[in-house]
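Trainee: output the structure for:
(2 chains)
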Protein chains: 2
Amino acid sequence: MKRALTLIAAFMLLGSIAEIQAQQNLWQAERLVSPEIHDDNSVTIRLYAPNAEKVTLITDFTDNGNAMPLSMTRNDKGVWEYRSEVLPSELYYYWFNVDGIDHVNDPANSYVMRDVGSQMNYFIVPGERGDLYAAQEVPHGTMSKVWAQVADGRERRMTIYTPAGYEEGKGRYPVLYLLHGMGGDEDAWSATGRVAEIMDNLIATGKAEPMIVVMTNGCTKHVAAPGLSHEGMWRPYMSGSMDGTFEAMFPSIVEWVDDHYRTIAKKHSRAIAGLSMGGFHSMQISKEYPSMFDYVGLFSAAIFRGDESVAIYNDLEAKLTRQFDKAPALYWIAIGEEDFLYEDNVRYRGLLDKAGYDYIYRESTGGHIWRNWRIYLAEYAQLIFK
Amino acid sequence: MKRALTLIAAFMLLGSIAEIQAQQNLWQAERLVSPEIHDDNSVTIRLYAPNAEKVTLITDFTDNGNAMPLSMTRNDKGVWEYRSEVLPSELYYYWFNVDGIDHVNDPANSYVMRDVGSQMNYFIVPGERGDLYAAQEVPHGTMSKVWAQVADGRERRMTIYTPAGYEEGKGRYPVLYLLHGMGGDEDAWSATGRVAEIMDNLIATGKAEPMIVVMTNGCTKHVAAPGLSHEGMWRPYMSGSMDGTFEAMFPSIVEWVDDHYRTIAKKHSRAIAGLSMGGFHSMQISKEYPSMFDYVGLFSAAIFRGDESVAIYNDLEAKLTRQFDKAPALYWIAIGEEDFLYEDNVRYRGLLDKAGYDYIYRESTGGHIWRNWRIYLAEYAQLIFK
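Mentor: Alright, predicted model coming up:
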């Protein structure tokens, strides 16, 4: 037992290299807690920055989920603090600006998610919505990172959610194809979109049907998320895939999924949805292959015609007619009232209205933000395959 | 086309919220590049910190992979720089200390890995070793995050690598159980240990046998990595599992894996290995269940007797005799000459030597560091199932 204690003491002293560094700082003996979620659901964020002149908290606490800079206050121990009002249940993100360094993560918070090229700390305020985004003690699905040989001849990485019971059973499942936005990748929905948690919780409570969710990489310039491809160092940015190549390869993705998973390989058991550029892709793909998807979801979609010199973007109206002649079971359009793509969506709905096509429109508060996309996913997932 | 360009311009302006923030800073129009890997394999790291008094780079460039503080130099644009010597091919990590803020990540580098509670930026210098840790254009296996119902009655998260061809085929595979250190979790080996990349590359070149790799969560206090359990906010730390509970539940983990994967469920096709506390677990588990594993790897193992009031830690010598009577095909011990557990390993090898048990000993340079654990994994993986 003495040796056990000695060893544990040695670990406490040594720990990981990061911890050594932390412990060289005497102040850290007090173990800074950040964020601290108080009993009343207000939250205190802290950063030890003893020599800083000005520390700003960038967060989506306020203003309908837009990122806002909030001034922090230094206490006499060199710790900068900000205590929020009582917060509604939600998943919130934040980072710091320290004396002009524009993006400093919280070293006391191990909860991190990536949006395009940037790491954001996050926390979940419990309650109805926050609980939907947190793992619960319910049966869990599996989240797999797979590589699929698709139509462009290269292996591309994808994320695939299979619901609880898939591995044990023999049944076949419907499939939701869920597409990210510009600069995103196959990790976007699974990390920042909280897909495993949302789907596990909705399925466990009977609110959504058990389904497979396929999260593609639709930035065709790269085959995988940063650090996970053979392409060396690069920084994700707005380098997009709105040139028709992703839409053109989509049937080969569906074919690969139907070959490798126990899917119900029929239109009535396939849904597609995407955010921003992924909404554009979902609109284009669903009308290009009208026998493929019975459920279409456009989340804050970048809806426009596309470059008409690309075949796949030609004849939009005629292709929509072909799609709606076959009456999709659900065509669902959602956007926030502050979204910079709002007017484009108004115009697109006008086009659908003029032609008399059925769709459901869901308008939320807020702008072009992940908060909305998680909400839309949770709502859309409850409408499909029923 | 005009609308397409307008939209793309809107994206460029808006982008993600993180990018907006970056772009509010005019200087960022120049898009800071960090790290920059030069043609000669020297590297420049940069941080824009216009008002900082002192910026230190913490990195493992030097000193056999231990974390070292290096002084950075400010240029006239407020950018702090450090240019390394020519670096051997390797995966390197780093972060910054800015005026006493002890852990600032590089906002220009999206390549991040987590060690226990801390995020570290990383980059790979190409060449023989670095290429082994990077995805290559070879057939890729699948990395899955699964939840397993094991002996403690709770679902616990695990990471499972299945080699290229597993999903398409019907064959059965040997299994390597790979265990993390204290404060780690089921994400440690897959992220910081680069297991998918190492295994894909070794298998593709015929250096390792195709195998399943199971990466457990051996910190029994939590059922999953930070942010992925139902346990709310917590910070991973040295809260360990050296109380026998993990070892006791291990047969139920093996049973779950054999039930859910096409394994060869025999001793000759099972290996176990772990780093630090995971080496302790591997030693304890392999001797407790001597018919379970034919290959044992102790990487920088925390080798000691354990608390003898716990049944599983009793009668070490007798249980080792029982294990070595059945002659494991490989008992492999590796440690760095600077490791703080070096003397404990000397004592343990003394015990094995005295009893006349066969093992292979591999001594490396360096200390208790991930660099060594990746090296040990790559070597060990080439020795097992042959």
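Trainee: what's across from residue A:214 in the sheet?
Mentor: residue A:160, residue A:177 (DSSP bridges).
Trainee: go ahead and confirm it touches residue A:176.
Mentor: Yes: when contacts are counted by CB atoms under 8 Å, residue A:214 is listed as touching residue A:176 (7.2 Å). From N, CA and C alone the C-beta is placed, and that goes for glycine too.
Trainee: which secondary structure elements does the host helix or strand of residue A:157 contact?
Mentor: Assessed by DSSP states H and E, residue A:157 sits inside strand A:155-162. Counting contacts by 3 or more CB pairs under 8 Å, 6 or more residues apart in numbering or on different chains; DSSP states H and E, strand A:155-162 packs against strand A:142-149, helix A:188-191, helix A:195-204, strand A:212-215.
Trainee: again, only this time at 7 Å
Mentor: strand A:142-149, helix A:195-204, strand A:212-215 (3 or more CB pairs under 7 Å, 6 or more residues apart in numbering or on different chains; DSSP states H and E).
Trainee: kindly export that strand (C-alpha atoms) in CSV.
Mentor: This file holds the C-alpha atoms of strand A:155-162, laid out as CSV (Å, rounded to 0.1, in the frame of the first residue of the first chain):
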residue,chain,number,x,y,z
GLU,A,155,-11.1,7.2,-50.4
ARG,A,156,-13.0,9.9,-48.6
ARG,A,157,-13.6,9.9,-44.8
MET,A,158,-17.2,9.9,-43.5
THR,A,159,-18.8,9.7,-40.1
ILE,A,160,-21.6,7.1,-39.7
TYR,A,161,-24.0,6.8,-36.7
THR,A,162,-25.7,3.5,-36.2
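Trainee: before we move on, the earlier item: turn the helices and strands packed on strand A:155-162 into CSV, including mean neighbour count and distance to residue A:253.
Mentor: Listed next are the helices and strands packed on strand A:155-162 as CSV, based on neighbours: other CB atoms under 10 Å in any protein chain shown; distance: least, CB to CB, whole Å:
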stretch, mean neighbour count, distance to residue A:253
strand A:142-149, 21, 7
helix A:195-204, 22, 17
strand A:212-215, 26, 7
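Trainee: next, format the ones you listed as CSV and append mean pLDDT.
Mentor: Below are the helices and strands packed on strand A:155-162 laid out as CSV (pLDDT from 0 to 100):
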stretch, mean pLDDT
strand A:142-149, 96
helix A:195-204, 98
strand A:212-215, 98
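Trainee: could you dump those to CSV with distance to residue A:159?
Mentor: Supplementary listing: the helices and strands packed on strand A:155-162 in CSV, determined by distance: least, CB to CB, whole Å:
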stretch, distance to residue A:159
strand A:142-149, 6
helix A:195-204, 8
strand A:212-215, 4
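Trainee: surely residue A:64 forms part of a helix?
Mentor: Yes: applying DSSP: H, G, I helix; E, B strand; the rest coil, one finds residue A:64 inside a helix.
Trainee: can you pull the contacts of it?
Mentor: A:338, A:365-366 (CB atoms under 7 Å, 6 or more residues apart in numbering or on different chains).
Trainee: rerun that using 8 Å as the cut-off
Mentor: A:336, A:338, A:365-367 (CB atoms under 8 Å, 6 or more residues apart in numbering or on different chains).
Trainee: residue A:128 versus that one, what's the distance?
Mentor: 18 Å (CB to CB, to the nearest Å).
Trainee: if we can go back for a sec, closest one to chain B out of the contacts of residue A:64, please.
Mentor: residue A:367 (9.1 Å; CB to the nearest CB).
Trainee: which SS class is that closest one?
Mentor: coil.
Trainee: what number of residues lie near it?
Mentor: 22 (other CB atoms under 10 Å in any protein chain shown).
Trainee: which pLDDT value belongs to it?
Mentor: For residue A:367, the pLDDT comes out at 94.
Trainee: ok, now which ones touch the residue lying closest to it once chain neighbours are set aside?
Mentor: Spatially, and ignoring its direct neighbours in sequence, residue A:367 is nearest to residue A:338 (4.0 Å; CB to CB, 6 or more residues apart in numbering or on different chains). Contacts for residue A:338 (CB under 8 Å, 6+ apart) come out as A:64, A:66, A:365-367.
Trainee: same deal with residue A:114?
Mentor: Residue A:114 touches A:120, A:187-188, A:191-192, B:110, B:112, counting by CB under 8 Å, 6+ apart.
Trainee: residue A:124 too?
Mentor: With CB under 8 Å, 6+ apart, residue A:124 has these contacts: A:90-92, A:130, A:133-134, B:232-233.
Trainee: so which strand or helix has it?
Mentor: Using DSSP H and E, residue A:124 falls in strand A:118-125.
Trainee: next: residue A:237.
Mentor: Counting by DSSP H and E, residue A:237 is part of no helix or strand.
Trainee: measure the nearest residue to it once chain neighbours are set aside to residue B:105 for me?
Mentor: Distances taken as CB to CB, 6+ apart put residue A:183 closest to residue A:237, at 5.7 Å, once the chain neighbours are dropped. According to CB to CB, residue A:183 stands 19 Å off from residue B:105.
Trainee: same check, this time on residue A:313
Mentor: 40 Å.
Trainee: interface residues of the stretch 251-386 of chain A facing chain B?
Mentor: Selection of the stretch 251-386 of chain A residues close to chain B by CB under 8 Å from any CB of the partner chain yields A:260, A:277, A:302, A:304-309, A:340-341, A:344, A:368-369.
Trainee: now the buried members of those.
Mentor: Buried members of these, scored by 16 or more other CB atoms under 10 Å in any protein chain shown, are A:277, A:302, A:304-307, A:340-341, A:344, A:368-369.
Trainee: if I look at the spatially closest residue to residue A:303 that is not a sequence neighbour, what pLDDT would I see?
Mentor: Distances taken as CB to CB, 6+ apart put residue A:348 closest to residue A:303, at 4.2 Å, once the chain neighbours are dropped. Residue A:348 is assigned a predicted lDDT (pLDDT) of 97.
Trainee: that's a strand at residue A:348, yeah?
Mentor: No: counting by three-state DSSP, residue A:348 falls outside a strand, being helix.
Trainee: against chain B, how distant is it?
Mentor: 12 Å (CB to the nearest CB, to the nearest Å).
Trainee: check residue A:197 too.
Mentor: For residue A:197 relative to chain B (CB to the nearest CB), the value is 8 Å.
Trainee: same check on residue A:76?
Mentor: On the measure of CB to the nearest CB, residue A:76 and chain B end up 15 Å apart.
Trainee: surely that residue forms part of a strand?
Mentor: No: using three-state DSSP, the assignment for residue A:76 is coil, not a strand.
Trainee: got the phi and psi for it?
Mentor: phi -80, psi 0 (degrees, to the nearest 10).
Trainee: cool, and residue A:129?
Mentor: Here residue A:129 shows phi and psi, under degrees, to the nearest 10, equal to phi -70, psi -40.
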